[in-house]
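Colleague: Pasted the sequence and its predicted model underneath.
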Amino acid sequence: MNVTRGFAGRPRVRNDGLPPGQYDARDDWPVLSAEVTPELATSQWTFTVDGLVAEERTWSWDEAHALPPSAYEGDIHCVTSWSKFGVRFSGVSLDAFLDLARPAAEATHAVAYSHTGYTTNLPLADLTGGRAWIVWEYGDEPLPAEHGGPARLIVPHLYFWKSAKWIAGIRLLDHDEPGFWEQNGYHHRGNPWEEQRYSGD
């Protein structure tokens, strides 16, 4: 598969807080997906933490909402060069789920997987310590399906392909296991401030 390095589109607006190579999308939120948007009802949605954990756990929609609420307010950055400033996502910190599953000492990495089959890999350190969330609201409204609703992972300090839409679970591993885009030329970590867009960057 060829890797497309960026997309042409509307005129780009600069912002001094942008990572290198990014533009401010302002009120736009482009929809870019590797898959067709699924029809996933909240009654069908579940979230699982499995792999190298003391106890594999699965939460229903209501059970996930019963965990302590948490929100992210800040910026997000897409590998296709757009950024959005001052966004707000609400849900539950991923730490709350991991604390209940109890990661094994040997767990170093994770694969996030979606109800559609999409996967992406992350170091476990990028998912803990208040750095990642499972969210179901954007700007105090239900998260739209085209943006990953009913719930998605967000890891906002990394490029947004790491924030898997339609999240189904996190599998903890003792090694790095490339996900969908990483197998097709994208960087394994995806730090926007270091322009880690593609393998070798």
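Modeller: Right, received. Where do you want to start?
Colleague: pLDDT weak spots in this protein?
Modeller: 1-16, 201 (pLDDT under 70).
Colleague: Spatially central, which residue of it would that be?
Modeller: Closest residue to the average C-alpha location of the chain: residue 163 at 1.1 Å, with Cα atoms, centre = their mean.
Colleague: I figured that one hits residue 157, correct?
Modeller: No. Counting by Cβ atoms under 8 Å, residue 163 does not reach residue 157; the two are 10.2 Å apart. C-beta: built from backbone N, CA, C; applies to glycine.
Colleague: May I ask you to name the longest helix in the chain?
Modeller: helix 94-101 (DSSP state H).
Colleague: which of the residues in that one are buried?
Modeller: By neighbour count on 16 or more other Cβ atoms under 10 Å, the buried set for helix 94-101 is 94-98, 101.
Colleague: correct me, but residue 177 touches residue 123?
Modeller: No. Contact criterion Cβ under 8 Å: residue 177 and residue 123 do not qualify, at 11.5 Å.
Colleague: shared neighbours, those two?
Modeller: residue 109 (Cβ atoms under 8 Å, 6 or more residues apart in numbering).
Colleague: Quick one: the helices in this protein, in order.
Modeller: Using DSSP H, helices in the chain cover 61-65, 94-101.
Colleague: what residues are up against the nearest residue to residue 41 once chain neighbours are set aside?
Modeller: Take residue 41 and drop its neighbours on the chain: the residue closest to it by Cβ to Cβ, 6 or more residues apart in numbering is residue 150, 7.6 Å away. By Cβ under 8 Å, 6+ apart, the contact set of residue 150 is 40-42, 45, 61, 136, 142-143, 166.
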